[in-house]
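**Student:** fold the following, please.
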Amino acid sequence: MKTINAFVFICIVGLIIIEMESNILSRIILYYNLYCSSFFILSTFSTMGRRESLSEEQEGEDLGTHNSSGGRKHVLLFTVTRTGSSFVGEFFNQLGENMFYLYEPLFHVGFVAKDANATVLAGIYLDILQGLFLCDFSPLEKFILPPPQDHVTPDLFRREVSVSLCDEPVCSPVVKGVSQRFPCVNRQCGPLNLTMASESCLSKQYHAIKTVRVRQLDALQPLLEDPRLDVRVIQLVRDPRAIFASRMVAFALGPKNEKGLNEFIENCDRMRMAAELGLSQPRWLRSRYMLVRYEDIARDPLQKAEEMYRFAGIPFSRQIIKLILRSALTNHTYNGIYSTEKNSAQQAEKWRSKLPFKVAQIVQNVCGPTMKLLGYRLVDDEITLIDKSISLLEEKEFL
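**Tutor:** Numbering: from 1, shown residues only. Modelled structure (predicted):
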């Protein structure tokens, strides 16, 4: 106990010194904060390990994982494009052998149902998500092109991102002469056998899906009310100015691109309306909705990851701590604009030196209500925009 108290004192003194030195690189602060946080969390695990007298039920309640039915846990990472969701999704993907994670499975719907209206699309998305959380890939198979043969496909979108789909037993032998659009990266696997994927899914306790394609939160009500499922929705949001700056790079979006600008405004409104509904806590969303800002994750990945895990009812393990320390501090990126590894602190603020002030003003004009709701400060001049010592993030607590 004395050792822990001494370490706490050292951490506090160190943080005060760092904060007083305005020229210290922000990356050093993040390293130090994460190191201290990881020590506290790991020491908590050690203490818990020594409490052998705790009953299994008490332990489950402490971690937020107790469920009277003993059922599986389902997490839907609900967001719009360019919010850092690929990075945040890794917090769940890398959990280990008890997690089944899918990256944007709804991608395939747009090609087959491209002329469908919003109501029809919402119904299709709901059916697919419901099926996938129940480990049934048949609703999704209808939209994969070319159609799977005997439930086998080489074309599932971004298969290589999912640990579960590139690990045993789903990783089948390579088939000569069969090319794959999204082959596994860390090991050689044959085309994806969806029957094997379904069996793997059924063997795991935790299921998570990331999607940017569901337009309205209320369209998910039947999913959350399905008695066969225990779904928790995590809405990931980000400063609209940062989203716009990212879309300028990823999709060549500019203020004169009318179609792209209208789509951006629609996404901004979607983000706000979903947050308004979620924070109003209707009965069907009560204790099943959580709003998280990307910027808060970037500032303290360990703390926010622990909060998300607790909300979802998933134990926060040593393995996930190591993942976050690696992912949040890395300078290495891969998969280009859809990278899952980034220096989170640097990435969260990078847009401020890239986005022209006039463009920032346009974004503020069209997304003002969204920014106010989510706690993003407006800027009145270019100096404030590029001065990263000035925070554009209000301290705000969400449900």
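
**Student:** helix or strand with the lowest mean pLDDT in the protein?
**Tutor:** helix 56-63 (a mean of 38; mean pLDDT, DSSP states H and E).

**Student:** quick one: the helices in the stretch 251-399 of the chain?
**Tutor:** 258-280, 294-299, 301-312, 318-329, 344-350, 357-374, 382-386 (DSSP state H, counting those that start in this stretch).

**Student:** show the subsequent helix or strand relative to the least confident helix or strand of the chain.
**Tutor:** As assigned by DSSP states H and E, the chain's next helix or strand after helix 56-63 is strand 73-78.

**Student:** name every strand pairing with that following strand and say which way it goes.
**Tutor:** Paired strands of strand 73-78, with direction, are strand 206-211 (parallel), strand 231-237 (parallel) (DSSP bridges).

**Student:** helix or strand right after it?
**Tutor:** That would be, after strand 73-78 and using DSSP H and E, helix 85-93.

**Student:** buried ones in that following helix?
**Tutor:** Ser85, Ser86, Phe87, Val88, Gly89, Glu90, Phe91, Phe92, Asn93 (16 or more other Cβ atoms under 10 Å). For every residue, glycine as well, the C-beta is placed using N, CA and C.

**Student:** need those in a markdown table (columns: pLDDT).
**Tutor:** Conversion of those to a markdown table gives the following (pLDDT from 0 to 100):
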| residue | pLDDT |
| --- | --- |
| Ser85 | 94 |
| Ser86 | 92 |
| Phe87 | 90 |
| Val88 | 93 |
| Gly89 | 93 |
| Glu90 | 90 |
| Phe91 | 91 |
| Phe92 | 93 |
| Asn93 | 92 |
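
**Student:** the one helix or strand Gly110 maps to packs against which elements?
**Tutor:** When elements are assigned from DSSP H and E, Gly110 belongs to helix 109-112. Contact here means 3 or more Cβ pairs under 8 Å, 6 or more residues apart in numbering; DSSP states H and E; on that basis helix 109-112 packs against helix 118-133.

**Student:** using PDB, write out the CA atom coordinates for the helix it packs on.
**Tutor:** This file holds the C-alpha atoms of helix 118-133, laid out as PDB (Å, rounded to 0.1, in the frame of the first residue of the first chain):
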ATOM      1  CA  ALA A 118     -34.400   5.400 -46.200                       C
ATOM      2  CA  THR A 119     -37.300   3.400 -44.700                       C
ATOM      3  CA  VAL A 120     -36.500   0.300 -46.700                       C
ATOM      4  CA  LEU A 121     -32.800   0.600 -46.000                       C
ATOM      5  CA  ALA A 122     -33.500   0.900 -42.200                       C
ATOM      6  CA  GLY A 123     -35.500  -2.300 -42.400                       C
ATOM      7  CA  ILE A 124     -32.700  -4.100 -44.200                       C
ATOM      8  CA  TYR A 125     -30.000  -2.900 -41.800                       C
ATOM      9  CA  LEU A 126     -32.100  -3.900 -38.900                       C
ATOM     10  CA  ASP A 127     -32.600  -7.500 -40.200                       C
ATOM     11  CA  ILE A 128     -28.900  -7.900 -40.900                       C
ATOM     12  CA  LEU A 129     -27.800  -6.600 -37.600                       C
ATOM     13  CA  GLN A 130     -30.300  -8.700 -35.800                       C
ATOM     14  CA  GLY A 131     -29.100 -11.800 -37.700                       C
ATOM     15  CA  LEU A 132     -25.400 -11.100 -37.100                       C
ATOM     16  CA  PHE A 133     -25.900 -10.600 -33.400                       C
END
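
**Student:** any weak-confidence spans in the stretch 51-200 of the chain?
**Tutor:** 51-70 (pLDDT under 70).

**Student:** what about 80?
**Tutor:** 51-71, 96 (pLDDT under 80).

**Student:** also the stretch 251-399 of the chain?
**Tutor:** Ranges of the stretch 251-399 of the chain meeting pLDDT under 80: 251-258, 317-320, 322-347, 399.

**Student:** now with 50, please.
**Tutor:** Scanning the stretch 251-399 of the chain with the threshold set as pLDDT under 50 gives 331-338, 340.

**Student:** neighbours of the nearest residue in space to Arg82 that is not next to it in sequence, how many?
**Tutor:** Nearest residue to Arg82 in three dimensions, chain neighbours excluded: Ser246, at 4.0 Å (Cβ to Cβ, 6 or more residues apart in numbering). Neighbour count for Ser246, taken as other Cβ atoms under 10 Å: 22.

**Student:** tell me the pLDDT at Ser246?
**Tutor:** Ser246 carries a pLDDT value of 90.

**Student:** please tell me how far it sits from Pro356.
**Tutor:** Using Cβ to Cβ, to the nearest Å, Ser246 is found at 14 Å from Pro356.

**Student:** equivalent analysis for Thr384, please.
**Tutor:** Distance from Thr384 to Pro356, by Cβ to Cβ: 14 Å.

**Student:** coming back round to it: go through the buried residues of helix 85-93 and say which is closest to Asp296.
**Tutor:** Val88 (11.0 Å; Cβ to Cβ).
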